[in-house]
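Trainee: Give me the fold of what follows.
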Amino acid sequence: MANLNKRLDKIIPKIKEDKFIQGRGLGNEISFYVFDYEPEHELVVRDYIQHIKKEFSHEGSNRKIIEFDLYKMLIEIAKEKRIFERIFHMEENQGKDVLYKAMTNFAKPEIFLQKIKEQIQDHNVVFITGVGKVYPFVRSHTILNNLQEILDKIPVILFFPGKYDGLSLQLFGRFKDDNYYRAFRLVD
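Mentor: Reported below is the predicted structural model:
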């Protein structure tokens, strides 16, 4: 836990750095970052995310953070499409396999990307949260792969309950999400 607190305390100074907003390296690679953490610390990380957002919420801040919680987005989209109530009946009457298939067909990355595009406005830092809550319907590497098309100049921090070694994402420390090597670890 002490190690987590040290890592969390490095996030705000990192976001304040000019190179965080401008892009990294000579090739100005996309500014996608992963902050990985042990899943049992989910609530601590959630609280700290609120602290970070509050830190930059003052008038005159040159960092405008917007958080996209994938789980809340999934619920919102299901309600908009009028299928929210049917989800529970489907699981109860047809089983979890049918529900899984229906949800993965419904929870397409394009739907999430469209919502992000609509809501981004003048924000210049994006937080992606709720990754563990939407698994296995939505995969973080799929969102990141598609996100670069609409957010190529805006830094994105994916808060990831698991491990990221710079090459692959391993959700909850046990499920290999997929290889993803275009993001940098936010802090070691």
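Trainee: is it true that Leu4 touches Asp47?
Mentor: No. With contact defined as C-beta atoms under 8 Å, Leu4 and Asp47 do not form a contacting pair (11.8 Å). (C-beta placed from N, C-alpha, C; glycine too.)
Trainee: Tell me the helix or strand right after the helix or strand of the chain at the bottom of the mean pLDDT ranking.
Mentor: Of all the helices and strands that make up the chain, strand 175-179 has the lowest average by mean pLDDT, DSSP states H and E, namely a mean of 60. Stepping forward along the backbone from strand 175-179, the first helix or strand reached (DSSP states H and E) is strand 184-185.
Trainee: Residues contacting that next one, please?
Mentor: Judged by C-beta atoms under 8 Å, 6 or more residues apart in numbering, the contacts made with strand 184-185 from elsewhere in the structure are 24, 32-36, 164, 166.
Trainee: Can you flag which of these belong to strands?
Mentor: For the contacts of strand 184-185, membership in strands holds for 32-36, 164, with DSSP state E as the criterion.
Trainee: Between which two of these is the distance greatest?
Mentor: The most widely separated members of the ones in strands among the contacts of strand 184-185 are Phe32 and Asp36, with 13.2 Å between them, by C-beta to C-beta.
Trainee: Distance-wise, check Gln121 relative to Arg185.
Mentor: For Gln121, the distance to Arg185 under the criterion C-beta to C-beta, to the nearest Å works out to 28 Å.
Trainee: Of the two, give the one with the bigger neighbour count.
Mentor: Using other C-beta atoms under 10 Å as the criterion, Gln121 and Arg185 rank with Arg185 on top: 14 against 7.
Trainee: Show me the shaky parts of the protein.
Mentor: Counting by pLDDT under 70, the low-confidence segments of the chain come to 24-30, 173-181.
Trainee: Show me what the residue nearest to the spatial centre of it bridges to in the sheet.
Mentor: With distances taken as C-alpha atoms, centre = their mean, the residue of the chain nearest its centroid is Ile128 (2.3 Å). Taking DSSP bridges, one finds Phe68, Leu158 as the beta-bridge partners of Ile128.
Trainee: quick one: it and Ile154 touch, right?
Mentor: No. Look at Ile128 against Ile154 with C-beta under 8 Å: they stay out of range, at 11.7 Å.
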